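**Student:** Let's see this in three dimensions:
(chains A and B)
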Amino acid sequence: GAGVSQSPSNKVTEKGKDVELRCDPISGHTALYWYRQSLGQGLEFLIYFQGNSAPDKSGLPSDRFSAERTGGSVSTLTIQRTQQEDSAVYLCASRVGAGGPFGTQYFGPGTRLTVL
Amino acid sequence: LAKTTQPISMDSYEGQEVNITCSHNNIATNDYITWYQQFPSQGPRFIIQGYKTKVTNEVASLFIPADRKSSTLSLPRVSLSDTAVYYCLVANFNKFYFGSGTKLNVKP
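**Tutor:** Residues are numbered from 1 along each chain as shown, chains lettered A, B, ... in the order given. From the prediction side, this is the model:
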């Protein structure tokens, strides 16, 4: 079956521009996660959606970052006024069930963002 | 939430058993431990999850001592295709912290 998909796969932008990154989770998965992975680094948790509940935004690195999830499915991560330190691979993951740490998170291939 | 620490890299040879340890000294009562494998240009892939003692599945075992301040991923008889980065994740219901990852290099 179809896995988690993300678009675009690569995005090059200029400093100060806004970008939108899209995540299509596996159908039926109620939990959705966003992570950031800088070059050669581990994964940094950004935000987590569980069903229709308000997301936990405490992992977002600054107020330039925001995310939404429409209809409990597709999610968009928006970065306003991009900075060079925002350059990273942005990974999305989804899982079935009640969320939390239990069970498997299925990851997408990521969006590689480069800010010039 | 617990901060996780892993060795940066490890070398092994085909057919050997590999043990990768993650330290999480400040793990909380409601935290679970999960290990993921990541190949270049791919998202991480779930390997195994546990809370305490020992868990085994078809690809790996996870050992967690009684104090839960560390966990060890055991890969039996590794092959060249096991060359990857391995991450431990300590998480509760709304916080998720990955370790910095251990790059495992399996040699022929």
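**Student:** Report the secondary structure state of residue B:33.
**Tutor:** Using DSSP: H, G, I helix; E, B strand; the rest coil, the structure places residue B:33 in strand.
**Student:** Okay, now the unreliable bits of chain A?
**Tutor:** Filtered on pLDDT under 70, chain A yields the residue ranges A:1, A:97-101.
**Student:** Mind telling me which residue is nearest the centre of it?
**Tutor:** Note on chain A: the residue nearest the mean C-alpha position is residue A:34, at 3.1 Å, using Cα atoms, centre = their mean.
**Student:** which other helices and strands contact the helix or strand harbouring it?
**Tutor:** Counting by DSSP states H and E, the element that carries residue A:34 is strand A:31-37. Applying 3 or more Cβ pairs under 8 Å, 6 or more residues apart in numbering or on different chains; DSSP states H and E, we find strand A:31-37 packed against strand A:43-50, strand A:75-79, strand A:88-95, strand B:96-98. (Each C-beta comes from the backbone N, C-alpha and C, glycine too.)
**Student:** what about 10 Å?
**Tutor:** Using 3 or more Cβ pairs under 10 Å, 6 or more residues apart in numbering or on different chains; DSSP states H and E as the contact test, the elements touching strand A:31-37 are strand A:19-24, strand A:43-50, strand A:65-69, strand A:75-79, strand A:88-95, strand A:106-107, strand B:96-98.
**Student:** what does the shortest one contact?
**Tutor:** Looking back up the chat, that one is strand A:106-107. Outside of strand A:106-107, the residues within contact range by Cβ atoms under 10 Å, 6 or more residues apart in numbering or on different chains are A:3-4, A:6, A:25-26, A:29, A:33, A:35, A:43, A:91-96, B:36, B:38, B:42-46.
**Student:** Then stretch B:54-69?
**Tutor:** B:2, B:17-29, B:31-35, B:37, B:46-53, B:70-76, B:82, B:86, B:88, B:90.
**Student:** Which strand residues bridge whichever residue of chain A sits closest to chain B?
**Tutor:** Of all residues in chain A, residue A:107 sits closest to chain B, at 2.8 Å by Cβ to the nearest Cβ. Residue A:107 forms beta bridges with residue A:93, as assigned by DSSP bridges.
**Student:** other SSEs contacting the helix or strand of chain B with the lowest mean pLDDT?
**Tutor:** Using mean pLDDT, DSSP states H and E, strand B:96-98 stands out as the lowest-scoring helix or strand of chain B, at a mean of 82. In terms of contacts (3+ Cβ pairs under 10 Å, 6+ apart), strand B:96-98 is packed against strand A:31-37, strand A:43-50, strand B:32-38, strand B:84-91.
**Student:** Mind putting those into TSV with distance to residue A:77?
**Tutor:** As requested, those are arranged in TSV below (distance: least, Cβ to Cβ, whole Å):
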stretch	distance to residue A:77
strand A:31-37	5
strand A:43-50	7
strand B:32-38	20
strand B:84-91	20
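**Student:** Please, where are all the helices along chain B?
**Tutor:** For chain B, no helices are identified by DSSP state H.
**Student:** ok, residue A:5 - how many residues close by?
**Tutor:** Residue A:5: 15 surrounding residues under other Cβ atoms under 10 Å in any protein chain shown.
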